[in-house]
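compute the structure for the input listed below.
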Amino acid sequence: MTASRTSNPAPPSGQIRTELLPLLRLAGPLAANQAGIVIMSLVDIAIVGRVGPVALGAIGLANNVYSLGIIAIGLMAGFEPLIAQAIGAGHEARARHLLWQGIWAGVPITLLLSLLLIAAPSALEPLGVAHEIADTVRWCLIARMPGLPATVLIAIASIYLQAVGKPNSLVFSIIAANILNLLADLLLVFGGGSLPRWTHFLRSVPALGAPGSALATSLSLLLQLAIILCAVSRVSAVQSDVSRRPNFDEIRIAVRVGTPIGINRCADVGVLLVAGIVGGRIGSVDLAAHQIAMTLVNIIYTIAIGLAGAGAVRVAYAVGARDEKRLGLAGRVAFFSTLAIMLVLALPVLTLRTHIASLFTDRRSIIDACGPLIAWASLYLVVQGLKVVGGAVIRGVGNTRAILLPTLVGQYGVGLPIAIALALVIGDGMPGLWAGLTLGSSCTAIALVLVFRRLIVGSIVPLEARAQR
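The predicted structure follows:
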(Lines give C-alpha, C1' and ligand atoms only; values in the text may rest on other atoms or scores of the structure.)
Protein backbone atom coordinates (compact mmCIF):
# COMPACT_ATOMS: atom_id res chain seq x y z
CA MET A 1 0.00 0.00 0.00
CA THR A 2 2.76 2.40 1.00
CA ALA A 3 4.87 1.71 -2.06
CA SER A 4 2.00 2.21 -4.47
CA ARG A 5 1.17 5.56 -2.93
CA THR A 6 4.71 6.92 -2.99
CA SER A 7 5.13 5.91 -6.62
CA ASN A 8 1.87 7.38 -7.85
CA PRO A 9 2.22 9.58 -10.93
CA ALA A 10 1.33 13.24 -10.76
CA PRO A 11 -2.44 13.83 -10.70
CA PRO A 12 -4.04 14.99 -13.95
CA SER A 13 -4.68 18.69 -14.45
CA GLY A 14 -8.42 18.20 -13.95
CA GLN A 15 -7.91 16.91 -10.42
CA ILE A 16 -5.49 19.73 -9.63
CA ARG A 17 -8.02 22.30 -10.87
CA THR A 18 -10.77 20.66 -8.83
CA GLU A 19 -8.67 21.13 -5.69
CA LEU A 20 -7.09 24.47 -6.58
CA LEU A 21 -10.31 26.41 -7.16
CA PRO A 22 -11.88 25.65 -3.74
CA LEU A 23 -8.52 26.39 -2.11
CA LEU A 24 -8.31 29.83 -3.71
CA ARG A 25 -11.98 30.61 -3.05
CA LEU A 26 -11.41 29.98 0.63
CA ALA A 27 -7.94 31.56 0.78
CA GLY A 28 -9.06 34.88 -0.72
CA PRO A 29 -11.41 35.94 2.10
CA LEU A 30 -9.03 34.58 4.76
CA ALA A 31 -6.17 36.64 3.32
CA ALA A 32 -8.40 39.71 3.11
CA ASN A 33 -9.39 39.23 6.76
CA GLN A 34 -5.74 38.97 7.80
CA ALA A 35 -4.89 42.06 5.75
CA GLY A 36 -7.62 43.93 7.60
CA ILE A 37 -6.01 43.02 10.92
CA VAL A 38 -2.65 44.35 9.70
CA ILE A 39 -4.24 47.55 8.38
CA MET A 40 -5.95 48.16 11.72
CA SER A 41 -2.60 47.96 13.48
CA LEU A 42 -0.95 50.29 10.95
CA VAL A 43 -3.74 52.85 11.35
CA ASP A 44 -3.31 52.77 15.13
CA ILE A 45 0.43 53.42 14.82
CA ALA A 46 -0.01 56.16 12.21
CA ILE A 47 -2.56 58.06 14.34
CA VAL A 48 -0.87 57.61 17.73
CA GLY A 49 2.48 58.56 16.17
CA ARG A 50 1.16 62.11 15.80
CA VAL A 51 0.71 62.40 19.57
CA GLY A 52 4.39 62.00 20.36
CA PRO A 53 7.23 59.49 20.90
CA VAL A 54 6.02 58.42 24.37
CA ALA A 55 2.54 57.56 23.08
CA LEU A 56 3.95 55.77 20.04
CA GLY A 57 6.40 53.75 22.11
CA ALA A 58 3.69 52.88 24.63
CA ILE A 59 1.15 51.66 22.08
CA GLY A 60 3.81 49.57 20.36
CA LEU A 61 4.93 48.03 23.64
CA ALA A 62 1.33 47.43 24.74
CA ASN A 63 0.63 45.65 21.45
CA ASN A 64 3.73 43.49 21.97
CA VAL A 65 2.58 42.54 25.47
CA TYR A 66 -0.92 41.77 24.16
CA SER A 67 0.58 39.62 21.41
CA LEU A 68 2.23 37.39 24.05
CA GLY A 69 -1.27 36.07 24.60
CA ILE A 70 -0.93 34.39 21.20
CA ILE A 71 0.07 31.19 23.00
CA ALA A 72 -3.34 31.21 24.73
CA ILE A 73 -5.17 32.00 21.48
CA GLY A 74 -3.18 29.17 19.91
CA LEU A 75 -5.00 26.77 22.22
CA MET A 76 -8.20 27.67 20.37
CA ALA A 77 -6.56 26.56 17.13
CA GLY A 78 -6.78 23.01 18.45
CA PHE A 79 -10.44 23.09 17.47
CA GLU A 80 -9.57 23.87 13.83
CA PRO A 81 -8.72 20.30 12.69
CA LEU A 82 -11.47 18.85 14.88
CA ILE A 83 -14.19 21.05 13.37
CA ALA A 84 -12.92 20.81 9.79
CA GLN A 85 -12.51 17.01 10.01
CA ALA A 86 -16.10 16.78 11.30
CA ILE A 87 -17.29 18.78 8.27
CA GLY A 88 -15.22 16.56 5.97
CA ALA A 89 -16.94 13.52 7.45
CA GLY A 90 -20.34 15.13 6.84
CA HIS A 91 -21.10 15.69 10.53
CA GLU A 92 -22.35 19.30 10.56
CA ALA A 93 -24.05 18.95 13.93
CA ARG A 94 -20.83 17.59 15.39
CA ALA A 95 -18.96 20.65 14.09
CA ARG A 96 -21.53 22.95 15.76
CA HIS A 97 -21.16 21.03 19.01
CA LEU A 98 -17.37 21.51 18.85
CA LEU A 99 -17.94 25.22 18.31
CA TRP A 100 -19.73 25.33 21.66
CA GLN A 101 -16.86 23.43 23.28
CA GLY A 102 -14.55 26.09 21.91
CA ILE A 103 -16.69 28.80 23.47
CA TRP A 104 -16.51 27.03 26.84
CA ALA A 105 -12.74 26.64 26.47
CA GLY A 106 -12.52 30.36 25.82
CA VAL A 107 -13.62 31.18 29.39
CA PRO A 108 -10.40 30.12 31.17
CA ILE A 109 -8.31 31.38 28.25
CA THR A 110 -9.87 34.83 28.66
CA LEU A 111 -9.09 34.74 32.37
CA LEU A 112 -5.46 33.80 31.64
CA LEU A 113 -5.11 36.69 29.20
CA SER A 114 -6.69 39.04 31.74
CA LEU A 115 -4.11 38.06 34.36
CA LEU A 116 -1.33 38.62 31.82
CA LEU A 117 -2.56 42.11 30.98
CA ILE A 118 -2.96 43.00 34.66
CA ALA A 119 0.47 41.71 35.71
CA ALA A 120 2.64 42.67 32.73
CA PRO A 121 2.88 46.47 33.33
CA SER A 122 4.37 45.91 36.79
CA ALA A 123 7.37 44.19 35.22
CA LEU A 124 8.18 46.97 32.75
CA GLU A 125 9.93 49.49 35.02
CA PRO A 126 12.21 46.86 36.65
CA LEU A 127 13.23 45.93 33.09
CA GLY A 128 14.33 49.51 32.44
CA VAL A 129 11.25 50.97 30.75
CA ALA A 130 10.75 54.63 31.64
CA HIS A 131 7.97 55.32 34.19
CA GLU A 132 6.01 57.55 31.78
CA ILE A 133 5.95 54.87 29.09
CA ALA A 134 5.18 52.06 31.56
CA ASP A 135 2.26 54.01 33.02
CA THR A 136 0.83 54.68 29.55
CA VAL A 137 1.22 50.99 28.67
CA ARG A 138 -0.76 50.12 31.82
CA TRP A 139 -3.68 52.31 30.73
CA CYS A 140 -3.48 50.93 27.17
CA LEU A 141 -3.77 47.37 28.46
CA ILE A 142 -6.68 48.31 30.73
CA ALA A 143 -8.41 49.79 27.67
CA ARG A 144 -7.85 46.51 25.81
CA MET A 145 -9.60 44.48 28.52
CA PRO A 146 -13.17 44.94 27.15
CA GLY A 147 -12.02 43.44 23.86
CA LEU A 148 -10.47 40.35 25.42
CA PRO A 149 -13.59 38.12 25.34
CA ALA A 150 -14.20 39.28 21.78
CA THR A 151 -10.63 38.33 20.76
CA VAL A 152 -11.09 34.77 22.03
CA LEU A 153 -14.62 34.30 20.67
CA ILE A 154 -13.64 35.71 17.27
CA ALA A 155 -10.85 33.11 17.12
CA ILE A 156 -13.17 30.11 17.61
CA ALA A 157 -16.03 31.53 15.53
CA SER A 158 -13.67 32.28 12.65
CA ILE A 159 -12.38 28.70 12.76
CA TYR A 160 -15.97 27.46 12.49
CA LEU A 161 -16.91 29.79 9.63
CA GLN A 162 -13.88 28.90 7.52
CA ALA A 163 -14.51 25.19 8.16
CA VAL A 164 -18.12 25.41 6.94
CA GLY A 165 -17.01 27.42 3.90
CA LYS A 166 -18.54 30.76 4.95
CA PRO A 167 -15.47 33.04 5.16
CA ASN A 168 -16.97 36.07 3.42
CA SER A 169 -18.59 37.29 6.63
CA LEU A 170 -15.09 37.54 8.12
CA VAL A 171 -14.19 40.05 5.41
CA PHE A 172 -17.32 42.10 6.05
CA SER A 173 -16.67 42.08 9.80
CA ILE A 174 -13.04 43.24 9.49
CA ILE A 175 -14.03 46.02 7.06
CA ALA A 176 -16.65 47.28 9.51
CA ALA A 177 -14.16 46.98 12.37
CA ASN A 178 -11.55 48.98 10.44
CA ILE A 179 -14.02 51.78 9.68
CA LEU A 180 -15.05 52.01 13.33
CA ASN A 181 -11.43 51.79 14.48
CA LEU A 182 -10.37 54.70 12.26
CA LEU A 183 -13.21 56.96 13.41
CA ALA A 184 -12.89 55.96 17.06
CA ASP A 185 -9.11 56.42 16.92
CA LEU A 186 -9.46 59.99 15.69
CA LEU A 187 -12.09 60.80 18.32
CA LEU A 188 -10.56 59.07 21.35
CA VAL A 189 -6.90 59.85 20.65
CA PHE A 190 -7.32 63.57 19.88
CA GLY A 191 -10.65 64.26 21.62
CA GLY A 192 -13.80 65.83 20.20
CA GLY A 193 -13.06 69.47 20.92
CA SER A 194 -12.56 70.38 17.26
CA LEU A 195 -15.74 68.66 16.02
CA PRO A 196 -18.64 70.75 14.63
CA ARG A 197 -21.51 71.69 16.96
CA TRP A 198 -23.99 69.25 15.45
CA THR A 199 -21.96 66.35 16.92
CA HIS A 200 -23.26 67.40 20.36
CA PHE A 201 -21.93 65.15 23.16
CA LEU A 202 -19.01 63.93 21.03
CA ARG A 203 -17.45 67.37 21.45
CA SER A 204 -17.01 66.64 25.16
CA VAL A 205 -14.94 63.49 24.62
CA PRO A 206 -11.48 64.13 26.11
CA ALA A 207 -8.20 63.41 24.32
CA LEU A 208 -7.01 60.07 25.68
CA GLY A 209 -3.88 59.63 23.60
CA ALA A 210 -2.52 56.08 23.24
CA PRO A 211 -5.09 54.53 25.65
CA GLY A 212 -7.80 56.01 23.43
CA SER A 213 -6.45 54.01 20.50
CA ALA A 214 -6.48 50.85 22.63
CA LEU A 215 -10.09 51.53 23.60
CA ALA A 216 -10.98 52.08 19.93
CA THR A 217 -9.51 48.64 19.17
CA SER A 218 -11.68 47.06 21.88
CA LEU A 219 -14.83 48.70 20.48
CA SER A 220 -13.91 47.52 16.97
CA LEU A 221 -13.42 43.96 18.20
CA LEU A 222 -16.84 43.98 19.85
CA LEU A 223 -18.44 45.13 16.58
CA GLN A 224 -16.54 42.47 14.65
CA LEU A 225 -17.68 39.80 17.09
CA ALA A 226 -21.33 40.86 16.76
CA ILE A 227 -21.16 40.54 12.96
CA ILE A 228 -19.40 37.17 13.11
CA LEU A 229 -21.88 35.74 15.62
CA CYS A 230 -24.74 36.80 13.35
CA ALA A 231 -23.05 34.91 10.52
CA VAL A 232 -22.62 31.83 12.72
CA SER A 233 -26.31 31.89 13.67
CA ARG A 234 -27.24 31.75 9.98
CA VAL A 235 -25.22 28.58 9.31
CA SER A 236 -27.60 25.65 9.06
CA ALA A 237 -26.94 22.69 11.35
CA VAL A 238 -28.93 19.84 12.81
CA GLN A 239 -29.82 21.83 15.90
CA SER A 240 -31.69 19.01 17.65
CA ASP A 241 -28.50 16.94 17.79
CA VAL A 242 -26.29 19.76 19.08
CA SER A 243 -25.35 19.69 22.76
CA ARG A 244 -24.28 23.05 24.19
CA ARG A 245 -23.06 21.66 27.49
CA PRO A 246 -19.32 21.61 28.19
CA ASN A 247 -17.57 18.30 27.55
CA PHE A 248 -14.25 18.47 29.35
CA ASP A 249 -12.83 15.40 27.60
CA GLU A 250 -13.34 17.04 24.21
CA ILE A 251 -11.97 20.36 25.45
CA ARG A 252 -8.92 18.50 26.79
CA ILE A 253 -8.32 16.94 23.35
CA ALA A 254 -8.52 20.35 21.66
CA VAL A 255 -6.17 21.94 24.20
CA ARG A 256 -3.70 19.08 23.73
CA VAL A 257 -3.82 19.63 19.96
CA GLY A 258 -3.66 23.41 20.30
CA THR A 259 -0.79 23.66 22.79
CA PRO A 260 1.96 22.93 20.22
CA ILE A 261 0.33 25.48 17.90
CA GLY A 262 0.44 28.12 20.63
CA ILE A 263 4.07 27.34 21.44
CA ASN A 264 4.93 27.42 17.74
CA ARG A 265 3.32 30.83 17.26
CA CYS A 266 5.01 32.17 20.38
CA ALA A 267 8.34 30.89 19.04
CA ASP A 268 7.80 32.79 15.79
CA VAL A 269 7.02 35.99 17.70
CA GLY A 270 10.11 35.44 19.86
CA VAL A 271 12.43 35.24 16.85
CA LEU A 272 11.15 38.54 15.47
CA LEU A 273 11.35 40.15 18.92
CA VAL A 274 15.02 39.14 19.24
CA ALA A 275 15.64 40.40 15.69
CA GLY A 276 14.22 43.79 16.65
CA ILE A 277 16.44 43.94 19.75
CA VAL A 278 19.51 43.10 17.66
CA GLY A 279 18.53 45.79 15.17
CA GLY A 280 18.33 48.30 18.00
CA ARG A 281 21.92 47.49 18.98
CA ILE A 282 23.19 48.06 15.44
CA GLY A 283 21.79 51.57 15.04
CA SER A 284 18.68 53.71 14.58
CA VAL A 285 18.94 53.88 10.77
CA ASP A 286 19.32 50.10 10.51
CA LEU A 287 16.44 49.56 12.92
CA ALA A 288 14.21 51.88 10.90
CA ALA A 289 15.13 50.02 7.70
CA HIS A 290 14.42 46.71 9.45
CA GLN A 291 10.98 47.91 10.52
CA ILE A 292 10.16 49.01 6.97
CA ALA A 293 11.22 45.65 5.52
CA MET A 294 9.27 43.79 8.20
CA THR A 295 6.18 45.93 7.61
CA LEU A 296 6.36 45.07 3.91
CA VAL A 297 6.67 41.37 4.77
CA ASN A 298 3.68 41.55 7.14
CA ILE A 299 1.51 43.09 4.42
CA ILE A 300 2.32 40.53 1.72
CA TYR A 301 2.50 37.66 4.20
CA THR A 302 -1.26 37.95 4.72
CA ILE A 303 -1.72 36.14 1.41
CA ALA A 304 0.35 33.19 2.64
CA ILE A 305 -1.68 33.09 5.85
CA GLY A 306 -4.89 32.94 3.79
CA LEU A 307 -3.50 30.07 1.71
CA ALA A 308 -2.35 28.33 4.89
CA GLY A 309 -5.78 28.55 6.53
CA ALA A 310 -7.44 27.24 3.37
CA GLY A 311 -4.88 24.46 3.02
CA ALA A 312 -5.48 23.34 6.61
CA VAL A 313 -9.24 23.14 6.00
CA ARG A 314 -8.88 21.24 2.70
CA VAL A 315 -6.50 18.71 4.24
CA ALA A 316 -8.77 18.28 7.28
CA TYR A 317 -11.75 17.67 4.96
CA ALA A 318 -9.82 14.80 3.36
CA VAL A 319 -8.86 13.37 6.75
CA GLY A 320 -12.46 13.54 7.97
CA ALA A 321 -13.63 11.76 4.81
CA ARG A 322 -10.72 9.27 5.14
CA ASP A 323 -9.81 10.01 1.52
CA GLU A 324 -6.09 9.18 1.19
CA LYS A 325 -5.80 10.28 -2.42
CA ARG A 326 -7.46 13.63 -1.79
CA LEU A 327 -5.31 14.21 1.30
CA GLY A 328 -2.05 14.07 -0.65
CA LEU A 329 -3.50 16.17 -3.46
CA ALA A 330 -4.77 18.86 -1.08
CA GLY A 331 -1.35 19.18 0.55
CA ARG A 332 0.58 19.32 -2.73
CA VAL A 333 -1.76 21.90 -4.24
CA ALA A 334 -1.43 24.06 -1.11
CA PHE A 335 2.38 23.90 -1.27
CA PHE A 336 2.78 24.53 -4.99
CA SER A 337 0.15 27.27 -5.22
CA THR A 338 1.80 29.07 -2.31
CA LEU A 339 5.23 28.72 -3.89
CA ALA A 340 3.97 30.06 -7.23
CA ILE A 341 2.05 33.00 -5.74
CA MET A 342 4.84 34.07 -3.37
CA LEU A 343 7.41 33.91 -6.19
CA VAL A 344 5.21 36.12 -8.36
CA LEU A 345 4.88 38.63 -5.50
CA ALA A 346 8.57 38.47 -4.57
CA LEU A 347 9.81 39.48 -8.02
CA PRO A 348 8.40 43.05 -8.04
CA VAL A 349 9.49 43.46 -4.41
CA LEU A 350 13.03 42.59 -5.45
CA THR A 351 13.14 44.77 -8.55
CA LEU A 352 11.34 47.80 -7.06
CA ARG A 353 12.89 47.72 -3.59
CA THR A 354 14.26 51.30 -3.73
CA HIS A 355 10.91 52.72 -4.86
CA ILE A 356 9.11 50.68 -2.20
CA ALA A 357 11.38 52.04 0.54
CA SER A 358 10.71 55.60 -0.61
CA LEU A 359 6.98 55.07 0.08
CA PHE A 360 7.78 54.70 3.79
CA THR A 361 10.42 57.41 4.25
CA ASP A 362 12.14 60.29 2.46
CA ARG A 363 15.44 59.92 4.34
CA ARG A 364 18.13 58.84 1.90
CA SER A 365 20.15 56.97 4.52
CA ILE A 366 17.17 54.81 5.47
CA ILE A 367 16.24 54.17 1.82
CA ASP A 368 19.80 53.02 1.08
CA ALA A 369 19.77 50.75 4.14
CA CYS A 370 16.42 49.28 3.04
CA GLY A 371 17.76 48.08 -0.33
CA PRO A 372 19.59 44.91 0.78
CA LEU A 373 17.03 44.18 3.50
CA ILE A 374 14.08 44.25 1.09
CA ALA A 375 16.11 42.06 -1.29
CA TRP A 376 16.42 39.48 1.48
CA ALA A 377 12.76 40.06 2.38
CA SER A 378 11.71 38.96 -1.12
CA LEU A 379 13.35 35.56 -0.54
CA TYR A 380 12.17 35.43 3.05
CA LEU A 381 8.56 35.83 1.84
CA VAL A 382 8.84 32.72 -0.32
CA VAL A 383 10.33 30.41 2.32
CA GLN A 384 8.18 31.86 5.10
CA GLY A 385 5.10 31.23 2.94
CA LEU A 386 6.07 27.58 2.50
CA LYS A 387 6.79 27.37 6.23
CA VAL A 388 3.39 28.66 7.33
CA VAL A 389 1.55 26.45 4.80
CA GLY A 390 3.62 23.45 5.89
CA GLY A 391 2.59 23.99 9.48
CA ALA A 392 -1.04 24.50 8.45
CA VAL A 393 -1.45 21.32 6.39
CA ILE A 394 0.18 19.29 9.18
CA ARG A 395 -2.28 20.98 11.55
CA GLY A 396 -5.07 19.86 9.21
CA VAL A 397 -3.89 16.26 9.53
CA GLY A 398 -4.11 16.72 13.29
CA ASN A 399 -0.52 15.90 14.30
CA THR A 400 0.41 19.32 15.68
CA ARG A 401 3.32 18.02 17.75
CA ALA A 402 5.15 17.28 14.50
CA ILE A 403 5.36 21.04 13.85
CA LEU A 404 7.33 21.88 16.99
CA LEU A 405 10.72 20.24 16.43
CA PRO A 406 11.28 21.57 12.88
CA THR A 407 10.27 25.06 14.03
CA LEU A 408 12.42 25.15 17.15
CA VAL A 409 15.47 23.61 15.46
CA GLY A 410 15.16 25.65 12.28
CA GLN A 411 14.44 28.98 13.96
CA TYR A 412 16.41 28.74 17.21
CA GLY A 413 19.01 26.09 16.37
CA VAL A 414 19.95 27.36 12.92
CA GLY A 415 18.42 30.69 11.93
CA LEU A 416 18.74 32.86 15.04
CA PRO A 417 22.32 31.88 16.04
CA ILE A 418 23.55 32.43 12.48
CA ALA A 419 21.63 35.70 12.22
CA ILE A 420 23.18 37.05 15.44
CA ALA A 421 26.66 35.84 14.45
CA LEU A 422 26.46 37.45 11.01
CA ALA A 423 24.97 40.69 12.33
CA LEU A 424 27.05 41.30 15.46
CA VAL A 425 30.12 39.05 15.42
CA ILE A 426 31.11 39.10 11.74
CA GLY A 427 29.74 42.61 11.34
CA ASP A 428 27.37 42.20 8.39
CA GLY A 429 24.73 44.20 10.25
CA MET A 430 21.06 43.94 9.35
CA PRO A 431 21.64 42.17 5.98
CA GLY A 432 23.40 39.42 7.94
CA LEU A 433 20.48 39.26 10.36
CA TRP A 434 18.00 38.85 7.51
CA ALA A 435 20.22 36.22 5.87
CA GLY A 436 20.14 34.18 9.07
CA LEU A 437 16.37 34.54 9.49
CA THR A 438 15.85 33.45 5.87
CA LEU A 439 18.11 30.43 6.33
CA GLY A 440 16.24 29.41 9.48
CA SER A 441 12.85 29.67 7.76
CA SER A 442 14.21 27.72 4.77
CA CYS A 443 15.33 24.84 7.00
CA THR A 444 11.98 24.82 8.78
CA ALA A 445 10.01 24.91 5.52
CA ILE A 446 11.95 21.99 4.03
CA ALA A 447 11.54 19.96 7.23
CA LEU A 448 7.78 20.61 7.33
CA VAL A 449 7.36 19.48 3.71
CA LEU A 450 9.16 16.24 4.56
CA VAL A 451 7.09 15.78 7.72
CA PHE A 452 3.86 16.17 5.75
CA ARG A 453 5.03 13.61 3.17
CA ARG A 454 5.72 11.17 6.01
CA LEU A 455 2.38 11.77 7.75
CA ILE A 456 0.26 11.02 4.68
CA VAL A 457 1.86 7.62 4.15
CA GLY A 458 -0.31 5.00 5.83
CA SER A 459 -3.85 4.84 7.10
CA ILE A 460 -5.79 8.03 7.89
CA VAL A 461 -7.22 8.33 11.38
CA PRO A 462 -9.20 11.48 12.27
CA LEU A 463 -8.33 13.16 15.56
CA GLU A 464 -11.40 12.08 17.49
CA ALA A 465 -11.06 8.46 16.41
CA ARG A 466 -7.37 8.59 17.39
CA ALA A 467 -8.24 9.94 20.84
CA GLN A 468 -10.66 7.06 21.47
CA ARG A 469 -8.02 4.40 20.91
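
tell me the contacts of residue 157?
99, 225, 228, 229, 232 (C-beta atoms under 8 Å, 6 or more residues apart in numbering). In short, each C-beta sits where N, CA and C put it, glycine included.

between those residues, which sits nearest residue 288?
residue 225 (35.6 Å; C-beta to C-beta).

coming back round to it: ok, so of the contacts of residue 157, who is nearest residue 142?
residue 225 (19.6 Å).

most widely separated two among the contacts of residue 157?
99 and 225 (14.0 Å).

more neighbours: which of the two?
residue 99 (24 against 20; other C-beta atoms under 10 Å).

tell me which helix or strand that one sits in.
helix 92-119 (DSSP states H and E).

how far is that helix from where the chain is centred?
Centroid separation between helix 92-119 and its chain, computed with C-alpha atoms, centre = their mean, to the nearest Å, is 18 Å.

tell me how many other residues surround the spatially closest residue to residue 212 that is not a sequence neighbour.
Once flanking residues are discounted, residue 212 sits nearest to residue 188: 3.1 Å by C-beta to C-beta, 6 or more residues apart in numbering. Burial of residue 188 is recorded as 24 neighbouring residues (other C-beta under 10 Å).

what do you get for residue 230?
Residue 230, neighbours per other C-beta under 10 Å, totals 12.

skipping its backbone neighbours, what lies nearest it in space?
residue 169 (7.8 Å).

show me what the helix or strand harbouring the one you found is packed against.
If you go by DSSP H and E, residue 169 is part of helix 168-190. If you count contacts as 3 or more C-beta pairs under 8 Å, 6 or more residues apart in numbering; DSSP states H and E, helix 168-190 packs onto helix 13-48, helix 148-163, helix 210-233.

out of those, which comes closest to residue 359?
With C-beta to C-beta as the criterion, residue 359 lies closest to helix 13-48 of the helices and strands packed on helix 168-190, at 12.7 Å.

what packs against that closest one?
helix 53-67, helix 148-163, helix 168-190, helix 210-233, helix 284-320, helix 324-351.

just for the stretch 1-150 of the chain, where's the confidence low?
Applying pLDDT under 70 to the stretch 1-150 of the chain flags residues 1-14, 68-72, 127.

an error on my part: the question was meant for the stretch 151-300 of the chain.
In the stretch 151-300 of the chain, residues with pLDDT under 70: 237-241, 280, 284.

make it 90
151-152, 163-167, 190-210, 233-299 (pLDDT under 90).

residue contacts, the residue nearest to residue 230?
So residue 169 contacts 161, 227, 228, 230, 231 (C-beta under 8 Å, 6+ apart).

and residue 433, by the same measure?
275, 278, 279, 290, 419, 420, 422, 423.

in JSON lines, list the residues you listed along with secondary structure, distance to residue 65 and neighbour count.
Below are these laid out as JSON lines (DSSP: H, G, I helix; E, B strand; the rest coil; distance: C-beta to C-beta, whole Å; neighbours: other C-beta atoms under 10 Å):
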{"residue": "275", "secondary structure": "helix", "distance to residue 65": "18", "neighbour count": "22"}
{"residue": "278", "secondary structure": "helix", "distance to residue 65": "20", "neighbour count": "22"}
{"residue": "279", "secondary structure": "helix", "distance to residue 65": "19", "neighbour count": "23"}
{"residue": "290", "secondary structure": "helix", "distance to residue 65": "21", "neighbour count": "24"}
{"residue": "419", "secondary structure": "helix", "distance to residue 65": "24", "neighbour count": "26"}
{"residue": "420", "secondary structure": "helix", "distance to residue 65": "24", "neighbour count": "18"}
{"residue": "422", "secondary structure": "helix", "distance to residue 65": "29", "neighbour count": "20"}
{"residue": "423", "secondary structure": "helix", "distance to residue 65": "25", "neighbour count": "25"}
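
many thanks, I have nothing further to ask.
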